[in-house]
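S.K.: any chance you could fold what I've pasted below:
(one chain, ligands or ions: 1)
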Amino acid sequence: MNYTKFLSEESKNRQPSPIRALAPFLARKEMISLGAGAPNPETFPYESMQLTLKTGETINVDAAHFEKCLSYDLTSGFTPLNLWLKGLQKTEHKPKVDYGLTVGVGSQDLITKALQMFINPGTHILVENPSYTGVLSFLRSQPCHLVGVATDALGMVPESLETILRDWPINNSSSSRPSVLYIIPSASNPTGVSAPFERKKAIYAICQKYDILILEDDPYYYLQFNEDRIPSYLSLDTDSRVLRFDSLSKILSSGLRIGFATGPQALIDQINLHTMSTNLQPSGVSQLMAHELLEKWGYDGFFAHVKKVASFYEAKAKLFLELLDEHMKGYGEWTSCDGGMFVWLKMLGGIKDSKQVILEKATAKNVLAVPGACFLPNDEITPYVRLSFSNVTKEQMSTALQRLASVIQEEADA
Ligand code: PMP
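M.R.: Residues are numbered from 1 along each chain as shown. The predicted model follows:
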């Protein structure tokens, strides 16, 4: 596939950092470098690193790895971690196409860099309606237009995508048809629902028909409650049109700030060019904390861990859905969630705009939720709110839902 036609002028203009471009040569044992102005590690005060797990086990971090990670390293991440993650993608997604991988400062770092490489002034980007507010706020700062594609209880609606693309241009504008789709297929933020495989296949076929690149943002993939995880877009890609984003935030630690992008090497290279001229690389120490544990676990240990994490959220979701039934019937409508940590709830009681009700009335009663408008591509008015059950006890869930129900009742009475 030729990706040049997808790239923005800014992205095409990116040049490798002359110094970072030399880094691969350092791997040669006989190389004497008078090149990069790297600080001498002898001056660093750190001697060693030991990790203690909640199980009580300790990991003495490999001394050579520790030394390497204290210094500047490759843009695409600490090589042993990069390779471990590449192997994970092979084991889990069995990609049918060649793929490269790069590590970033959380997946948000990589998603925003990737999106930026497709945006020229006036570009239209396809997003789900609703979609992740963090990426929407980035996109709102860009000189692009967002095209919301309808979703239902099974994620993005293929017919909605097809109609938009078939009937392009909208409003008789002269703008070119979108060529990039940003999608959150598993346990979506904010809806908590996952697209079944059949949906994914239908959406992939439409993207093939209209030559659309798919940016698959999947940080909740391993938080699907069903152990038979729904295959990813990466796994069904046959044209190298999928760029996938994973995150360690929800399964190891969000403070590590580690995410990874997997997809066509040409696009991974473009992301790396961006990193070279901005934040240089992800933190070596964070990568080491992740790598040493992942290597100790191996893939089987990793899968056992994510199963535990998914079960943790599944138990919370079950409780939350039961309490929604108990306290919110008649006050709200919601879809069940099949993974992750969110429920997308429509406030009843004649409420049209959840924003004002949440920000003024609900907070006054000490209950917080995120107004749905934050997740809509064009700030539309909506009665929806995003509720998260990840960090609350059963008692807190119950109290919060009763408070929310009373807010809605008061609105209905007003
Ligand atoms: N995508 C989605 C859908 C998310 O919900 C989040 C985190 N809230 C991210 C991306 C960013 O995750 P991170 O940068 O921590 O990997």
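
S.K.: strands along the stretch 1-150 of the chain, start to end?
M.R.: 50-52, 58-60, 100-105, 124-129, 145-152 (DSSP state E, counting those that start in this stretch).

S.K.: give me the neighbour count for the residue of the stretch 1-150 of the chain found nearest the ligand.
M.R.: Nearest to the ligand in the stretch 1-150 of the chain, going by C-beta to the nearest ligand atom, is G106, at a distance of 2.6 Å. Every residue, glycine included, has its C-beta placed from N, CA and C. Look at G106: counted by other C-beta atoms under 10 Å, it has 23 neighbours.

S.K.: now do the contacts for it.
M.R.: G106 makes contact with 247, 249, 254, 257-259, according to C-beta atoms under 8 Å, 6 or more residues apart in numbering.

S.K.: please repeat the previous calculation with a cut-off of 10 Å.
M.R.: G106 sits next to 112, 134, 219, 245, 247-249, 254-260, 282, 286 when contact means C-beta atoms under 10 Å, 6 or more residues apart in numbering.

S.K.: give me the buried subset of those residues.
M.R.: 112, 134, 219, 245, 247-249, 256-260, 282, 286 (16 or more other C-beta atoms under 10 Å).

S.K.: ok, these vs A27, which is closest?
M.R.: Proximity of those to A27 (C-beta to C-beta) peaks at P282, which lies at 18.7 Å.

S.K.: quick revisit: so which of the contacts of G106 also contact the ligand?
M.R.: 134, 219, 247, 249, 254, 259 (C-beta under 6 Å from any ligand atom).

S.K.: for the residue nearest to the fifth one when sequence neighbours are not counted, give its distance to N279.
M.R.: When the adjacent residues along the chain are set aside, S254 lies closest to G106, with 7.8 Å between them (C-beta to C-beta, 6 or more residues apart in numbering). Distance of G106 to N279, given as C-beta to C-beta, to the nearest Å: 11 Å.

S.K.: can you check the pLDDT for N172?
M.R.: With respect to pLDDT, N172 scores 66.

S.K.: which positions in the chain make contact with the ligand?
M.R.: Going by C-beta under 6 Å from any ligand atom, the residues of the chain near the ligand are 106-108, 132, 134, 184, 189, 217, 219, 247, 249, 254, 259.

S.K.: where does the stretch 201-350 of the chain have low pLDDT?
M.R.: The model of the stretch 201-350 of the chain has no residue with pLDDT under 70.

S.K.: residues touching F375, list them.
M.R.: Taking C-beta under 10 Å, 6+ apart as the test, what F375 contacts is 127-133, 136, 188-191, 344, 382, 384-386.

S.K.: coming back round to it: out of the buried ones among the contacts of G106, which sit inside helices?
M.R.: Of these, the ones assigned to helices by DSSP state H are 112, 134, 286.

S.K.: how about the contacts made by the first one?
M.R.: Same thing as T112. T112 neighbours (C-beta under 10 Å, 6+ apart): 104, 106, 134-135, 137-139, 141-142, 274.

S.K.: can you flag the buried ones in the residues you listed?
M.R.: Buried among those by 16+ other C-beta under 10 Å: 104, 106, 134-135, 139, 142, 274.

S.K.: now these as CSV including distance to L22?
M.R.: Output for these, formatted as CSV (distance: C-beta to C-beta, whole Å):
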residue, distance to L22
G104, 22
G106, 27
G134, 34
V135, 33
L139, 35
Q142, 32
H274, 18
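
S.K.: if we can go back for a sec, for the ones in helices among the buried ones among the contacts of G106, which one is nearest F320?
M.R.: For these, the nearest to F320 is G134 (22.5 Å; C-beta to C-beta).

S.K.: I'd say that closest one and N189 touch.
M.R.: Yes - counting by C-beta atoms under 10 Å, N189 is a contact partner of G134 at 8.4 Å.

S.K.: neighbours of M49, how many?
M.R.: 18.

S.K.: how about L83?
M.R.: Neighbour number of L83 under other C-beta under 10 Å is 13.
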